[in-house]
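**Student:** structural data only, the sequence is not supplied:
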């Protein structure tokens, strides 16, 4: 039987009917090389953000279950239109929702984790020679409720399907032609990376590189699936994300804004800090960096993925009371590379760069693969540029 | 246990966030009278037409299966937003798709018929005291495919659920305050009917009165469910559609445009006519009037509900060849009333009205409950006005 390829197309690649037609052409071209093709598609353009804005007009902290029901509509629109566009090119296609595709998740609405994939209907249709289109970003919980996988969740759908189908590889197609050593909109002429390791990619993605969703990289690593990050238009080789390291000490520098830091210290100590950590996890907070000590802890995270941040925040205050400090609107610049976090010389260099720029460092967090400097969001871009020039030469 | 009421809100009643809030208020008010409330909701405003237009941009004759996938997204948006809006008012609500509601249909995409309703999840949630919101217009086939019920299908969802839940009654709420003896936009001061029978309503709905979908009336009749057609805003009693007749000889006059007549006569006679009739039924064509004879037949129908009319037309030509005549763009005016079609005096009066107006009659069809005159669409409004004045005094 012919090899299976999974392709994922992001929202900007299917933003209008013209772009949808171009994606249809690319999919059919792949099928004509003799591969069986399973396509995962995001919602068209800004549909998800528009639906989210509509929900916020109705309620400041909408119920997550209803929000999942709402947002999952976006991919149904793009997938059925893409199926029609492929049909127009004379190829046979069929679209499936997350539920029909057998994407089984836990029941944490708005940030569900894929537990299992039962792609029987997809396999049947691929064997019949059809191109299968799958709605990204969504699944069905074991309680039969519709769930969504969080921001960038279509990447996770694609890699999880690639693993379950035993695909040759998984292509993540967007309007960017691969993974760069820094955001090209921020840094002049960053390096396009031919290859990065799963580890490196996960750190880059978690800390600001929007090319790939971090959970999808985790999936790819455990299933041993190679991911190619490529541009939808043009025929570049893109970046391969796989077992092989980039071969560079510093693979990239990323920047991100809109972070929140929650710090807790005081009476009750470790036990109350654990209650807080548990509550954050329950609400689907993904911690980017932080630490814990005997008498408390600190957690840094993005609120982008928390549709009901107002409610989550109220819960934090209810647990931590006067002993909790919530700082909103922080930025971060991170240097990512194998072993970089354990290298005192690299840390000193990063701090010197910040000092020389006159950027106030609000916190420093390191892990084996990175150094993260918290700083005011307005200064992040210049900090990224300076760190890239100093450390990523 | 408290009585169950099913309420259906049309697209114009939920066209924006403000209107959604007003519907939420009306639903909560009903729940506070001690009823258990199941709400069926259409897509917001013109969403369905906009999605259909998008599909047509991609393909002139989109596959019906994919079209159903596409169009079913509209109600998911409105139902989840309505659930959030009800929650904001302090009441508990939960939304269900057609599939989750147990609306089981046959597999005729874009015009599926409800075969069975298994409302177990709805019943559970109603018993827990929640308000249940259901996506109208959609179901799931016994082959687990998403289907839609055709134009006005949300009415059918509401009545089918009312029957399955043993509801006290079913309210169909829109921006019109009931069923009139003619369209108020066409005829000056028509009569608001306090009551009409199922039979009368079915004829009115089939032939142009857009207040109710004809299939839903059929369901209500067989389950003995009373329907109230009411305005969403304001507190009028509306029209009761039930077993009791209106008590009038002529209940109303309706007009409609955009009809097609297919006529077949010629070699092969009855057998080929049957093949043609079978093909039309298979494609979901609902015949409004027509007739069959030894050597052929005629079928008059609307194409509004046929997303792939181009394909259906090609099939008719393939079967009928040179012996088939397809006339598009016809209009019709109909006089509806118990026994009217069998009354030669009424028929003569209707034909005289048309003659005196100088309107060319392209065909006359009668049934026990109506007289239908086919005429050029541009003349239908004046014909309706004149028939209403002459016969519905």
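**Tutor:** Cool, the structure landed. Source: prediction; values computed, not measured.

**Student:** remind me what the helix or strand that residue A:329 is a member of packs against, helices and strands.
**Tutor:** Taking DSSP states H and E as the criterion, residue A:329 maps to strand A:324-336. Secondary structure elements in contact with strand A:324-336, counted by 3 or more C-beta pairs under 8 Å, 6 or more residues apart in numbering or on different chains; DSSP states H and E, are helix A:198-206, strand A:252-265, helix A:309-320, strand A:370-375, helix A:380-391. Where you see a C-beta, it was placed from the backbone N, CA and C, and this is true even at glycine.

**Student:** what lines up beside it in the sheet?
**Tutor:** strand A:252-265 (antiparallel), strand A:370-375 (antiparallel) (DSSP bridges).

**Student:** residue A:186 is in contact with residue A:257, isn't it?
**Tutor:** No: under the criterion of C-beta atoms under 8 Å, residue A:186 lies out of contact with residue A:257, with a separation of 11.6 Å.

**Student:** up against chain B, what does chain A have?
**Tutor:** Contact residues of chain A with respect to chain B, defined by C-beta under 8 Å from any C-beta of the partner chain, are listed as A:17, A:20-21, A:51, A:54-55, A:57-59, A:62-63, A:65-67, A:69-70, A:72-74, A:76-77, A:79-81, A:83-85, A:87-88, A:94-95, A:97, A:100, A:144, A:146.

**Student:** restricted to strands, list those.
**Tutor:** The strands, defined by DSSP state E, take in A:94, A:95, A:146 from the residues of chain A next to chain B.

**Student:** between those, which sits nearest residue A:159?
**Tutor:** The shortest separation between residue A:159 and any of those is 19.4 Å, and it belongs to residue A:95 (by C-beta to C-beta).

**Student:** thought that closest one was touching residue A:83?
**Tutor:** Yes: the pair formed by residue A:95 and residue A:83 meets the contact definition of C-beta under 8 Å, at 4.3 Å.

**Student:** mind listing the shared neighbours of the two?
**Tutor:** Here residue A:95 and residue A:83 have A:133, B:66, B:69 as joint contacts, going by C-beta atoms under 8 Å, 6 or more residues apart in numbering or on different chains.

**Student:** name the nearest residue to the last one, ignoring sequence neighbours.
**Tutor:** If I follow you right, that is residue B:69. Excluding its sequence neighbours, the residue lying closest to residue B:69 (C-beta to C-beta, 6 or more residues apart in numbering or on different chains) is residue A:80, at 4.0 Å.

**Student:** for the one you found, report the pLDDT, please.
**Tutor:** Per-residue confidence for residue A:80 comes out at a pLDDT of 98.

**Student:** could you do the one 4 residues further on as well?
**Tutor:** Reported pLDDT at residue A:84 in the predicted model: 98.

**Student:** now do the same contact list for it.
**Tutor:** Counting by C-beta under 8 Å, 6+ apart, residue A:84 makes contact with B:55, B:58, B:59, B:62, B:63, B:66, B:67.

**Student:** for it, give its distance to residue B:68.
**Tutor:** Distance, residue A:84 to residue B:68, using C-beta to C-beta, to the nearest Å: 12 Å.

**Student:** what do you get for residue A:335?
**Tutor:** Distance, residue A:335 to residue B:68, by C-beta to C-beta: 50 Å.

**Student:** which one's more surrounded, these two?
**Tutor:** More crowded of residue A:335 and residue B:68, by other C-beta atoms under 10 Å in any protein chain shown: residue A:335, with 31 against 24.

**Student:** so the more buried one bridges to which residues?
**Tutor:** Applying DSSP bridges, one finds that residue A:335 bridges with residue A:253, residue A:371.

**Student:** right, and it touches residue A:366 too?
**Tutor:** No: shown here, residue A:335 and residue A:366 do not form a contact pair, counting by C-beta under 8 Å, at 9.6 Å.

**Student:** shared neighbours of those two, anything?
**Tutor:** When contacts are counted by C-beta under 8 Å, 6+ apart, residue A:335 and residue A:366 have no shared neighbour.

**Student:** quick one: strands adjacent to the least confident helix or strand in chain A by mean pLDDT?
**Tutor:** Of all regular secondary-structure elements in chain A, judged by mean pLDDT, DSSP states H and E, the least confident is strand A:287-293 with a mean of 75. Pairing partners of strand A:287-293, with direction, according to DSSP bridges: strand A:296-302 (antiparallel).

**Student:** got the contact list for the strand it pairs with?
**Tutor:** For strand A:296-302, the surrounding residues in contact (C-beta under 8 Å, 6+ apart) are A:256, A:258-266, A:269-270, A:273, A:276-277, A:280, A:285-292, A:323, A:330, A:332, A:363, A:365, A:372, A:374.

**Student:** sort out which of these are buried, if you could.
**Tutor:** Neighbour-count burial within the contacts of strand A:296-302 applies to A:256, A:259-265, A:269, A:273, A:276-277, A:280, A:285-290, A:323, A:330, A:332, A:363, A:365, A:372, A:374; the criterion is 16 or more other C-beta atoms under 10 Å in any protein chain shown.

**Student:** quick one on the thing from earlier: the residue nearest to residue B:69: neighbour count?
**Tutor:** 32.

**Student:** run through the bridge partners of residue A:260.
**Tutor:** Note on residue A:260: beta-bridge partners by DSSP bridges are residue A:301, residue A:328.

**Student:** now for it: which residues touch it?
**Tutor:** A:300, A:301, A:302, A:303, A:326, A:327, A:328, A:329, A:330.

**Student:** skip the chain neighbours and tell me the closest residue to residue A:5.
**Tutor:** Excluding its sequence neighbours, the residue lying closest to residue A:5 (C-beta to C-beta, 6+ apart) is residue A:35, at 4.6 Å.

**Student:** with that, I have no additional questions.
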